[in-house]
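Visitor: here is a sequence with its predicted model. Questions after.
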Amino acid sequence: MKSAQVAARAVTQRMTLPEVLTSATAIGAEVADALKNSELIADWGWRFSTCVISVKPTPEMAKALEAKQERRCSANRMKLFTHAEMPLLSKNAVSRKAS
């Protein structure tokens, strides 16, 4: 099992996230090839097949992806305001403070 995880990690590190999420069959094939060439597997004479069931980030990677997405959303929200709207927001903020 550990050999399969190591092989899968080696394969996925060469890919972008969108490629990983859409390439389960290709990942499984490369992992199977790596395992077939493994001395441990060859010595035992095992036969097997591989199937990628899911792709999950580590907890650290999940947090980093969430932070990146949040920064992207914040930047997009800021782009929604045009230069003409910015002074209106400032005037409204000033009038609220005065009230």
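Guide: The structure has been received and is ready for your questions. Values in this document were obtained by computation on a predicted structure and should not be read as measured data. Numbers count the residues shown, from 1 in each chain.
Visitor: tell me which residue is most central in this structure.
Guide: Centroid check for the chain by Cα atoms, centre = their mean gives residue 17 as the closest residue, at 4.6 Å.
Visitor: with adjacent residues omitted, what lies nearest to that residue?
Guide: residue 65 (7.9 Å; Cβ to Cβ, 6 or more residues apart in numbering). Quick note: C-beta positions are derived from backbone N, CA and C, even for glycine.
Visitor: could you chop the protein up by domain?
Guide: Following automatic domain parsing, the chain resolves into domains at 1-56, 57-99.
Visitor: secondary structure class for residue 56?
Guide: On the three-state scheme (DSSP: H, G, I helix; E, B strand; the rest coil), residue 56 is labelled coil.
Visitor: pLDDT-wise, which helix or strand of this structure ranks last?
Guide: In the chain, the helix or strand scored least confidently by mean pLDDT, DSSP states H and E is helix 85-98, which has a mean of 54.
Visitor: convert the C-alpha atoms of the helix or strand hosting residue 63 to PDB, please.
Guide: Element membership for residue 63 (DSSP states H and E) is helix 59-80. C-alpha atoms of helix 59-80 as PDB (Å, rounded to 0.1, in the frame of the first residue of the first chain):
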ATOM      1  CA  PRO A  59      -4.900  19.100   5.600                       C
ATOM      2  CA  GLU A  60      -2.100  21.600   5.100                       C
ATOM      3  CA  MET A  61      -2.700  21.800   1.400                       C
ATOM      4  CA  ALA A  62      -6.500  22.100   1.900                       C
ATOM      5  CA  LYS A  63      -5.900  25.200   4.200                       C
ATOM      6  CA  ALA A  64      -3.500  26.700   1.600                       C
ATOM      7  CA  LEU A  65      -6.100  26.100  -1.200                       C
ATOM      8  CA  GLU A  66      -8.800  27.700   0.900                       C
ATOM      9  CA  ALA A  67      -6.700  30.700   1.700                       C
ATOM     10  CA  LYS A  68      -5.800  31.200  -2.000                       C
ATOM     11  CA  GLN A  69      -9.400  31.000  -3.000                       C
ATOM     12  CA  GLU A  70     -10.400  33.500  -0.300                       C
ATOM     13  CA  ARG A  71      -7.700  36.000  -1.600                       C
ATOM     14  CA  ARG A  72      -9.000  35.500  -5.100                       C
ATOM     15  CA  CYS A  73     -12.600  36.200  -4.000                       C
ATOM     16  CA  SER A  74     -11.500  39.300  -2.100                       C
ATOM     17  CA  ALA A  75      -9.700  40.600  -5.100                       C
ATOM     18  CA  ASN A  76     -12.700  40.000  -7.300                       C
ATOM     19  CA  ARG A  77     -15.000  41.800  -4.900                       C
ATOM     20  CA  MET A  78     -12.700  44.800  -5.100                       C
ATOM     21  CA  LYS A  79     -12.700  44.800  -8.900                       C
ATOM     22  CA  LEU A  80     -16.500  45.100  -8.800                       C
END
